[in-house]
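Colleague: Just need the structure, nothing else, for what follows:
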Amino acid sequence: MTNHAGIAVRDTAIAVLSRTASGLLLKNFDEVASWRPPTSDAVSFGAEPRQ
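Modeller: Okay, the predicted model is just below:
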């Protein structure tokens with residue numbers, strides 16, 4: 001892009017979206033980030049161990 005006004009609009013749009021939408025994206029990532037592998041207690045409840 002060589003148009004200065006177009007570049008300014010693009011930069012402003014990216015700045016606004018990064019501030020507003022980043023919270024939504026991170027909120028959806030919480031479930032993935034908080035996952036932990038099964039513990040050995042899972043075996044005692046009838047789950048079969050992985051091999």
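Colleague: contacts, neighbours, all on C-alpha from now
Modeller: OK.
Colleague: What about Lys27, how many residues nearby?
Modeller: 11 (other C-alpha atoms under 10 Å).
Colleague: Report the rounded mean pLDDT for the helix or strand encompassing Arg19.
Modeller: Secondary structure assigned from DSSP states H and E places Arg19 in helix 4-33. Summarised as a single mean, pLDDT over helix 4-33 is 82.
Colleague: What is the distance between that helix and the centre of its chain?
Modeller: Centroid separation for helix 4-33 versus its chain: 12 Å, with C-alpha atoms, centre = their mean, to the nearest Å.
Colleague: do stretch 24-37 as well
Modeller: A distance of 6 Å separates the centroid of the chain from that of stretch 24-37, by C-alpha atoms, centre = their mean.
Colleague: For it, buried residues please.
Modeller: For stretch 24-37, burial by neighbour count (16 or more other C-alpha atoms under 10 Å) applies to no residue.
Colleague: Pull the residues that contact that stretch.
Modeller: Judged by C-alpha atoms under 8 Å, 6 or more residues apart in numbering, stretch 24-37 makes no contacts with residues elsewhere in the structure.
Colleague: Please, which helix or strand holds Thr2?
Modeller: Thr2 is part of no helix or strand, with elements assigned from DSSP H and E.
Colleague: how close does the most centrally placed residue in the chain sit to Ile7?
Modeller: Of all residues in the chain, the one closest to the mean position by C-alpha atoms, centre = their mean is Phe29, 3.4 Å from it. For Phe29, the distance to Ile7 (C-alpha to C-alpha, to the nearest Å) stands at 31 Å.
Colleague: Likewise for Ala21?
Modeller: For Ala21, the distance to Ile7 equals 21 Å [C-alpha to C-alpha].
Colleague: before we move on, what about Thr20?
Modeller: Thr20 sits 20 Å away from Ile7 when distances are taken as C-alpha to C-alpha.
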